[in-house]
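> below is the sequence, then the predicted model.
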Amino acid sequence: MLQFCSQATSSATLDGMGHLLGYARVSTTDQDAALQVDALNGAGCYRVFVDTISGSLDQRPELAKLLDQLRPGDTLVVWRLDRLGRSIRHLIDQLTELSGKGIGFRSLQETIDTTSPGGRLVFHVFAALAEFERDLIKERTNAGLAAARARGRTGGRPPRLSPHQVTAARRMYEQQDMTVEQIGQVLGVSRTTIYRTLKRDHATPTKGRKPKVKPAV
């Protein structure tokens, strides 16, 4: 659903370079996007695109239309960060791609604006924290497996993952840095076990889907 801002003066950013295009999202038809749309229009958005779909889904048609219309110098505006990203890692990847195309990003609730020096600093801090969280999960998981081996649990694969491992599997899957098979290798279980665990966690991975793997540095 595409909505136009009623203010004629909002067709360009304040510095006269590019447009502000807004994106709003609600999870169900029972939810109302009016609060987000009003805030985006109030911020001066030239157009507002609205998706009624879960943020966990890959295909968001209105977001795809918005991204197709963005041009260098434009700024993508959201009401809140979680309207755009499924996870911190996913959000960082999207903002990095926008930045590479010369497109800015603003989040109204968190007052983040990557077109300003302060906003760019916050973005880099977020990226560093996401990388830190990913490494911390791996470190804790490997430490837990080493402790289990030290207690003599070396034979065979466990019938199911511990609550901590389930949480780690979910986070690694959402961050899209590793394939399901690689997650299984970290946790010491098969790919089938990871799929089964994520399904029990009410978030069945799409068949054949593999999260993005970061290229080797």
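Now that the structure is in, tell me what you want to look at.

> domain ranges for the protein?
If you go by automatic domain parsing, the domain ranges for the chain are 2-115, 137-200.

> tell me the mean pLDDT over stretch 198-208?
Per-residue pLDDT over stretch 198-208 has a mean of 55.

> related to what we said a few turns ago, what's the closest of the domains of the chain to residue 125?
domain 2-115 (10.4 Å; Cβ to Cβ). All C-beta atoms are positioned from the backbone trio N, CA, C, and that covers glycine.

> before we move on, the earlier item: quick one: closest of the domains of the chain to residue 121.
Of all the domains of the chain, domain 2-115 sits nearest to residue 121, with 9.6 Å by Cβ to Cβ.

> for residue 122, find the nearest of the domains of the chain.
For residue 122, the closest of those is domain 2-115, at 5.4 Å, according to Cβ to Cβ.

> and residue 112, how far is that from residue 63?
Taking Cβ to Cβ, to the nearest Å as the measure, residue 112 falls 18 Å from residue 63.

> then residue 196?
Counting by Cβ to Cβ, the gap from residue 196 to residue 63 is 31 Å.

> between these two, who's got more neighbours?
Using other Cβ atoms under 10 Å as the criterion, residue 196 and residue 63 rank with residue 63 on top: 20 against 15.

> any chance of JSON lines for the domains of the chain, columns distance to residue 124?
Converted to JSON lines, the domains of the chain look like this (distance: least, Cβ to Cβ, whole Å):
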{"stretch": "domain 2-115", "distance to residue 124": "10"}
{"stretch": "domain 137-200", "distance to residue 124": "18"}
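
> just the element for residue 125, please.
Using DSSP states H and E, residue 125 maps to helix 117-150.

> may I see the buried residues of the following helix or strand past that helix?
Using DSSP H and E, the helix or strand that directly follows helix 117-150 along the chain is helix 163-175. Residues of helix 163-175 classed as buried by neighbour count (16 or more other Cβ atoms under 10 Å): 165-166, 168-175.
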